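Participant: This is the structure alone, sequence omitted:
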């Protein structure tokens, strides 16, 4: 359960752009948490999009004018539009060039209050354990029972997360060594081959060839190539309110995901040995990379639906 006496001591970064309504909802949870350092990362309006000008301004002004707790505010505002890929990647890199770790929230990911203490305790418990590369606030795999308050997975989500500078230092937004690793088949051991590896390989191809303007596939790739694990909570701790919106970057469709949230009992204890929860990952692969997803992907390519 949330502890009213808890005082957040780690920095938080928020990425904003042109959605004032979702920005306000996420920011109000950050405002409640009162981080001592608050990084605001914002892209600039897109060229030729006059509607962006007012929306970007509104987002920046709302956040700036509602910071009513004592904290250090660092603004990272792009002067020209960078796009999702470079704005996110450069924003995180800039923060982690100054901080040993940070909590990261995009403008459509609303955390429960416990999320912040959960991230802080995990950041400190596993600060020197290099195989653990991130902490996720998301758990949407309802079919897998986790006995402990959290588990370790290759498939941790960036919908509300935290990481360390020591993990992010290996991030390469251009995945320059992908052709070599693809030829060797190195990542087949992560996904277990089959459809899962096909999805992974296609996703990495799309960022290597600059077909997709995104940054998160590269982060998955970074963790996979370094045999890194993410911490996944037993109870989901976030709501993604960015689906089914025309102004979304990658989530314009309707989702059937269950974003109901749970609670966390504190303090959390370190789990040793650190090892991959293979059963959780199998459940994840079945849900997101199974036959059903393969058929949907093929149909989408053929524009059947």
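Facilitator: Received the coordinates, thanks. Here the structure is a predicted model, which means the values were calculated and not measured.

Participant: Only C-alpha atoms from now on, for both contacts and neighbour counts.
Facilitator: Noted.

Participant: elements contacting the helix or strand where residue 281 lies?
Facilitator: Per DSSP states H and E: residue 281 is located in helix 278-289. Judged by 3 or more C-alpha pairs under 8 Å, 6 or more residues apart in numbering; DSSP states H and E, helix 278-289 is in contact with strand 150-153, helix 194-208.

Participant: buried set for that helix?
Facilitator: 280-281, 283-285, 289 (16 or more other C-alpha atoms under 10 Å).

Participant: Give me the phi and psi for residue 265.
Facilitator: As for residue 265, its main-chain torsions (degrees, to the nearest 10) stand at phi -90, psi 130.

Participant: And it, how close does it get to residue 149?
Facilitator: According to C-alpha to C-alpha, to the nearest Å, residue 265 and residue 149 sit 8 Å apart.

Participant: now the helices: where do they sit in the stretch 1-150 of the chain?
Facilitator: Under the criterion DSSP state H, counting those that start in this stretch, helices of the stretch 1-150 of the chain are mapped to 20-33, 50-65, 83-96, 114-125.

Participant: so of the helices and strands packed on helix 278-289, which one's packed in deepest?
Facilitator: strand 150-153 (a mean of 22; mean count of other C-alpha atoms under 10 Å).

Participant: Now do the helices in the stretch 151-300 of the chain.
Facilitator: 165-168, 178-184, 188-191, 194-208, 216-225, 278-289, 291-301.

Participant: Does anything pack onto the fourth one? Which helices or strands?
Facilitator: If you count contacts as 3+ C-alpha pairs under 8 Å, 6+ apart, helix 194-208 packs onto helix 178-184, helix 188-191, helix 216-225, helix 278-289.

Participant: repeat that for 6 Å
Facilitator: If you count contacts as 3 or more C-alpha pairs under 6 Å, 6 or more residues apart in numbering; DSSP states H and E, helix 194-208 packs onto no helix or strand.

Participant: right, and residue 151 touches residue 232 too?
Facilitator: Yes: using C-alpha atoms under 6 Å as the test, residue 151 is close enough to residue 232 to be in contact (5.3 Å).

Participant: Distance-wise, check the closest residue to residue 206 other than its chain neighbours relative to residue 83.
Facilitator: In this structure, residue 206 finds its nearest non-sequential neighbour in residue 212, 5.5 Å apart by C-alpha to C-alpha, 6 or more residues apart in numbering. The gap separating residue 212 from residue 83 is 11 Å, by C-alpha to C-alpha.

Participant: where are the low-confidence patches of the stretch 101-250 of the chain?
Facilitator: Within the stretch 101-250 of the chain, the ranges that satisfy pLDDT under 70 run 191-193, 243-250.

Participant: 50 - rerun?
Facilitator: Flagging of the stretch 101-250 of the chain using pLDDT under 50 yields the residue ranges 245, 248, 250.
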